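Engineer: got a sequence here, can you model it:
(one chain, ligands or ions: 1)
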Amino acid sequence: MSSRQEKGVNVQVLLRCRPFSEDELRSNAPQVVTCNEFNREVAVSQNIAGKHIDRVFTFDKVFGPSAQQKDLYEQAVTPIVNEVLEGFNCTIFAYGQTGTGKTYTMEGECKRSKSGPNRELPQEAGVIPRAVKQIFDMLESQNDEYSVKVTFLELYNEEITDLLAPEELSKVSLEEKQKKQLPLMEDGKGGVLVRGLEEEIVSSASEIFTLLERGSSKRRTAETLLNKQSSRSHSLFSITIHIKEANPEGEELIKCGKLNLVDLAGSENISRSGARENRAREAGEINKSLLTLGRVISALVEHLGHIPYRDSKLTRLLRDSLGGRTKTCIIATVSPAVHCLEETLSTLDYAHRAKNIRNKPEVNQKMMKSTLIKDLYGEIERLKAEVYATREKNGVYIPKERYYHEESERKAMADQIEQMGVTIETQQKQQEDLQSKYIYQVQLCSDLSNKLNTTEKTLNKTSRLLANSEEEVKKCQYTLKEKDFIISEQRKAENALAHQACVLRADLEKAHDDNASLFLKIGRKDKLNSDNRTVVNNFEVEFAQQVGALRNTVSLSLSEQNEHLQCVEKLCYSFLGINDKTVIDLKKKVTALKELYISHNEAMQNVVRLHKAGSDATLNELSSIISSNGHSIEEFLASESVESDSIFDDLQNSLSTQQGELALFARELRNRLNLSVKQIKDISERSQELVDRLFEESKKLEDFALSADYMQMKNIGDFKQAYEEQSRSDAEKLIVDMTSLVTDHIRRQMDLVCL
Ligand SMILES: Nc1ncnc2c1ncn2[C@@H]1O[C@H](COP(=O)(O)OP(=O)(O)OP(=O)(O)O)[C@@H](O)[C@H]1O
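Structural biologist: Next comes the predicted model:
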């Protein structure tokens, strides 16, 4: 198998643009599609509401409006039919909007009445009749035995109808016969088969034309606003060819090839097509099949894990043609008119996308004639058994619901198996990835160990070089050490000299520092003496000021005290006056109170007497009580008067004692004042004496400070003179020492140099 086949072959996509229809020509519809057959390009350009659309698509082949059926067939389909005859399975789809020429391209005009002399096909004949003709022409031209069988089915609302089923002369109505649905089943080899689909064995092209005419007339069509003859169903015409061959060993082999020719339903938008009410479901189903086809194409292009083949019958039927072992060709049909622009762009996008699907075409295995005969016998036996079971009714009969239920269960299981297959595939891929990663890691490890070995070798070499270098360094160091010894001796002598000089310098610096500190001390003492002098002067002045202030304060306090005493005396006299006056007032009040009391008493007695006289007659029994009361009142009044008299006497006594005490206090106060005046006089006299004494003392201190100052100055002068003499002799001695040291050093150096 070639590498191209291993990688897969892309689906071939052709584009055909039909010419303007009569209606479009009448309405003068603008052209928006231009085909460049040479460059295989289709350009779409149009200005819509100020927006300019300008797109170019490239396909495997492009056929413009002028392209004839013959051109398309010869350029695109002839090679495919040849491959079918070689034993490949091939599929050709027609995809496009309603009225763009799908049926025209696939079927065309293939009525036998229109065929020319020598069984020539009419000019309008499409892919199917031309393919049939080519196949028979080829087969007939060869001497090999062959058999050709065809099937023709229609997929409408997800229901399969056999377009080649014979017209039975039964009582069943034509409509019912047409509605007879065929189930789609798994064939057990990964494919699907339509159970009960009529396989017509044909021996000539004209037979096929008859069948095609019969089938086409059965195709359901529904009238839409866009196209009066629009096909709303998908049709699948299949030709299977078996050719007998003999191999070099003389064995008879059967070569098998299959060609699927699919005319898809219109891809247009349902709302635009005007489909309504009872036809909505119909339109919906058509779209569902086409949508699934689109999803399958997307999944194949994007290499997704799961391809939703099972979501519609159309994709189940075409499974092998999309991503399988079949060679596939898509003929996309478009209209050049502006009113189809939207759909044209959608078809172009769709077809362009489909270009990326990759199939892995494989030639069908040639079968031994005996095997094929065996298979056919087996098939005949199976069919016989079915016929017998139907006739005798001794087969397995199950209710329709159960059959559908079991069918759906089986479908689900098949889906699961498919999913598992996908999972296994992905896991295998993962395993392969891991394997390759593992191999890569092993390779990496061996590379690293190699590198490590070479690095170790280099390291050993380097360490040997290092040892040699170290020995050389040691030798060099030994010769250097000898030189270093001489230099160190010289350095030692220099250091000793420098040390001596440093010591001398330090001594000199110390002596200089001592001198400076001595001068500082003398300066400080001078300053202290002058400070002391100013302090004594200040003290004298301050002391005199303070004594003066004290004297003033004492005299001021004396006068103040005198004033105060006078005030106190005055206060005492005024207090005594006030007190006397109060006593007199009190006496007056007490007398008035006494008089008031006596008058009250008399008034009371009078009232009592009046009451007594007034109530004598009525209150005889109370007279004794009143008399006793009067007696007790009299007693009370008597006791009260005695008590008030005693209070008055007490008050008078206390006033007289207070008067005496105040006089005593005033006397004592005067005595004390006299005493304090005397004491203050003594203090002032004593402080005057102290001040005089302090004056004398300060004078003495001043004299002493002057004499001490003189003495210190004299001592400093003497010390300065002695110190100067001493330092001069020290310096001379030091210079002599230094000179001898320098001479010694020079002599020692000279000795060393001589050595
Ligand atoms: N290339 C062509 N040259 C001349 N006439 C064409 C061409 N293509 C299509 N026509 C004409 O356009 C009309 C519509 O074509 P056709 O019925 O094949 O469209 P369709 O795509 O099959 O529509 P539907 O999806 O409804 O089946 C027909 O009358 C057909 O003869």
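
Engineer: in stretch 322-334, which residues are buried?
Structural biologist: 322-324, 326-334 (16 or more other CB atoms under 10 Å). Just so you know, the C-beta spots here come from the backbone N, C-alpha and C atoms, and that holds for glycine as well.

Engineer: again, but for stretch 587-599
Structural biologist: residue 590.

Engineer: break the protein into its domains for me.
Structural biologist: When the chain is parsed into structural domains using automatic domain parsing, the resulting residue ranges are 3-365, 503-604+643-754.

Engineer: got the confidence number for residue 750?
Structural biologist: Residue 750 is assigned a pLDDT of 83 by the prediction.

Engineer: what's around it, how many residues?
Structural biologist: Using other CB atoms under 10 Å, the number of residues around residue 750 comes to 10.

Engineer: close to the ligand: what parts of the stretch 51-200 of the chain are there?
Structural biologist: Those residues of the stretch 51-200 of the chain that sit near the ligand, judged by CB under 6 Å from any ligand atom, are 96, 98-104.

Engineer: which neighbours in the sheet does the strand or helix carrying residue 262 have, and how are they oriented?
Structural biologist: Residue 262 is located in strand 252-263, with elements delineated by DSSP states H and E. Counting by DSSP bridges, the strands paired with strand 252-263 are strand 89-96 (parallel), strand 234-246 (antiparallel), strand 367-368 (antiparallel).

Engineer: and those, which is most packed in?
Structural biologist: Mean neighbour counts were compared across those using mean count of other CB atoms under 10 Å; the top stretch is strand 89-96, at a mean of 26.

Engineer: so after that strand, what's the next helix or strand?
Structural biologist: Assigned by DSSP H and E, the successor of strand 89-96 is helix 102-106.

Engineer: over to residue 38. Which of the three states is it?
Structural biologist: Three states are possible here, and by DSSP: H, G, I helix; E, B strand; the rest coil the one that applies to residue 38 is coil.

Engineer: got the phi and psi for residue 65?
Structural biologist: Dihedral angles phi and psi of residue 65 (degrees, to the nearest 10) take the values phi -60, psi -30.

Engineer: can you read off the pLDDT for it?
Structural biologist: 93.

Engineer: isn't it up against residue 17?
Structural biologist: Yes - contact criterion CB atoms under 8 Å: residue 65 and residue 17 qualify, at 5.6 Å.

Engineer: neighbour count winner among the two?
Structural biologist: Comparing residue 65 with residue 17 by other CB under 10 Å, the one with more neighbours is residue 17, at 24 against 16.

Engineer: wait, what's in contact with the more buried one?
Structural biologist: Residues touching residue 17, when contacts are defined by CB atoms under 8 Å, 6 or more residues apart in numbering, comprise 33, 35, 42, 62-65, 333-336.

Engineer: among the residues you listed, which pair sits farthest apart?
Structural biologist: Set against one another by CB to CB, those have their most distant pair in 62 and 335, with a gap of 14.9 Å.

Engineer: any stretches of the stretch 101-250 of the chain with poor pLDDT?
Structural biologist: Counting by pLDDT under 70, the stretch 101-250 of the chain shows low-confidence ranges at 110-119, 167-180, 187-190, 219-231.

Engineer: looking at the buried residues of stretch 322-334, which are in strands?
Structural biologist: The members of the buried residues of stretch 322-334 that map onto strands under DSSP state E are 327-334.

Engineer: same for the ligand: which of those residues are within range?
Structural biologist: Okay, of these touching the ligand (CB under 6 Å from any ligand atom), that's residue 333.

Engineer: looking at the ones in strands among the buried residues of stretch 322-334, which is nearest residue 411?
Structural biologist: Distance to residue 411, by CB to CB, is smallest for residue 328 among those, at 25.0 Å.

Engineer: so who does the closest one touch?
Structural biologist: If you count contacts by CB under 8 Å, 6+ apart, residue 328 has them with 11-12, 90-93, 321-322, 357, 359.

Engineer: next one: residue 500
Structural biologist: Applying CB under 8 Å, 6+ apart as the definition, the contact partners of residue 500 turn out to be 738, 741.

Engineer: what is the host helix or strand of residue 693 packed up against?
Structural biologist: When secondary structure is defined using DSSP H and E, the element that contains residue 693 is helix 620-754. For helix 620-754, the packing partners by 3 or more CB pairs under 8 Å, 6 or more residues apart in numbering; DSSP states H and E come out as helix 400-614.

Engineer: burial check on residue 340, number of neighbours?
Structural biologist: 25.

Engineer: got a pLDDT number for residue 282?
Structural biologist: At residue 282 the predicted local distance difference test score is 53.

Engineer: swap in residue 589?
Structural biologist: 77.

Engineer: what about residue 62 and residue 335, which has more around it?
Structural biologist: Taking neighbours as other CB under 10 Å, residue 62 and residue 335 compare with residue 335 leading, 28 against 22.

Engineer: for that one, which non-adjacent residue is closest in space?
Structural biologist: The shortest distance from residue 335 to any residue that is not its chain neighbour, by CB to CB, 6 or more residues apart in numbering, is 5.0 Å, and that residue is residue 100.

Engineer: any idea how far that neighbour is from residue 64?
Structural biologist: Between residue 100 and residue 64 the distance, using CB to CB, to the nearest Å, works out to 13 Å.

Engineer: who's more crowded, those two?
Structural biologist: Between residue 100 and residue 64, residue 100 has the larger neighbour count (other CB under 10 Å), namely 28 against 18.

Engineer: kindly provide the distance from that one to residue 528.
Structural biologist: Residue 100 sits 130 Å away from residue 528, taking CB to CB as the criterion.

Engineer: over to residue 737?
Structural biologist: As judged by CB to CB, residue 737 and residue 528 stand 40 Å apart.
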